[in-house]
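A.B. asks: Pasting the sequence and the predicted coordinates here, then a few questions.
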Amino acid sequence: MRRSTGLAIAGAAALAWGEWLNWRWSRALIEGSGGTSEAVVVLGYRNPRPTPNSINRWRVRAGVRSVAPDNTRDTRVIFSGGETSRHGTEAQLMADYAKSALGFDGTVLLEDQSTTTWENITNVIPLLEDVDRIKIVSQPAHALKARAYLRRQRPDLAGKLVRADDYRFGEWTVVKPLLALYGLWKLRGLTTDQRKVSL
């Protein structure tokens, strides 16, 4: 009985830790707020099959829900990801899913050359330079890494970064501790200042 109680407490603590860390990451390196036009950048994930995998489907859903409901006309959604198989590019697969499965009919742009996160950011910059707000959508740790890359490549655009709707309490809860561990490893090169939360 005592052992099962200890395991339950440890499990609950791990889930709470995963939620907290992902929440923090979703709010780090966010500076902007004003203006009306926005770009929502959805980053792709390895997709060797002819249909979007579960991670890319979730990222597309998070990207579509990140579009401000009263601002669809002034928002462009940029799907970013190059060719990972003979079935086409991640960008095209995600765009097709957004339109066919989610019924998204807003402005869509494709960046279909990238194979790394650094390239994602390099290649989307020309597509978002003229907007007032930039939202980067992925799992929170990955999105934070991409925001840090944007700050390095184009510090003048950092002030346009706003929060995307890619963190929700209770979503992916069971795997968030694993995502947190993976995120800590992937973000090990970021400074403390780059992890600072914007409330």
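C.D. replies: Arrived safely.
A.B. asks: Any stretches of this structure with poor pLDDT?
C.D. replies: Along the chain, the model assigns pLDDT under 70 to residues 1-2, 191-199.
A.B. asks: Can you list the residue ranges for helices in it?
C.D. replies: All helices of the chain, identified by DSSP state H, fall at 2-26, 54-65, 90-100, 117-128, 140-153, 176-186.
A.B. asks: which strands and helices sit next to the last one?
C.D. replies: Helix 176-186 is packed against helix 2-26, helix 140-153, with contacts defined by 3 or more Cβ pairs under 8 Å, 6 or more residues apart in numbering; DSSP states H and E. Quick note: C-beta positions are derived from backbone N, CA and C, even for glycine.
A.B. asks: Highest mean neighbour count out of those?
C.D. replies: When the helices and strands packed on helix 176-186 are scored by mean count of other Cβ atoms under 10 Å, the highest mean neighbour count falls to helix 140-153 (a mean of 22).
A.B. asks: List of residues touching that one?
C.D. replies: 22-23, 25-26, 28-30, 41, 43, 117-118, 120-122, 125, 134, 136-138, 157-158, 161, 164, 166-167, 179-180, 182-184, 186-187, 190, 194-195 (Cβ atoms under 8 Å, 6 or more residues apart in numbering).
A.B. asks: hmm, back to that, in TSV: the helices of the chain, plus distance to residue 111.
C.D. replies: As requested, the helices of the chain are exported to TSV (distance: least, Cβ to Cβ, whole Å):
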stretch	distance to residue 111
helix 2-26	22
helix 54-65	13
helix 90-100	6
helix 117-128	5
helix 140-153	12
helix 176-186	21
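A.B. asks: of all the ones you listed, which lies closest to residue 36?
C.D. replies: Each of the helices of the chain has some distance to residue 36 by Cβ to Cβ; the shortest is helix 117-128, at 14.4 Å.
A.B. asks: Show me what that closest one packs onto, helices and strands only.
C.D. replies: Helices and strands touching helix 117-128, as assessed by 3+ Cβ pairs under 8 Å, 6+ apart, comprise strand 38-43, strand 75-80, strand 107-111, helix 140-153.
A.B. asks: Select only the buried ones of the contacts of helix 140-153 in ChimeraX?
C.D. replies: Of the contacts of helix 140-153, the buried ones go into a single ChimeraX selection, burial set by 16 or more other Cβ atoms under 10 Å:
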select :22,25,26,28,29,30,41,43,117,120,121,122,125,134,136,137,138,157,158,161,164,166,167,179,180,183,187,190,194
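A.B. asks: Number of residues surrounding residue 116?
C.D. replies: Here the number of neighbours of residue 116 (other Cβ atoms under 10 Å) works out to 10.
A.B. asks: With residue 55 as the reference, measure out to it.
C.D. replies: Here the criterion is Cβ to Cβ, to the nearest Å. By it, residue 116 lies 16 Å from residue 55.
A.B. asks: for residue 64, same thing?
C.D. replies: Using Cβ to Cβ, residue 64 is found at 15 Å from residue 55.
A.B. asks: When those two are compared, which one has more neighbours?
C.D. replies: Neighbour totals were compared for residue 64 and residue 55, and residue 64 leads with 20 against 15 (other Cβ under 10 Å).
A.B. asks: Need the helices and strands packed on helix 176-186 in CSV (columns: distance to residue 70).
C.D. replies: What follows is these, written out as CSV (distance: least, Cβ to Cβ, whole Å):
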stretch, distance to residue 70
helix 2-26, 22
helix 140-153, 23
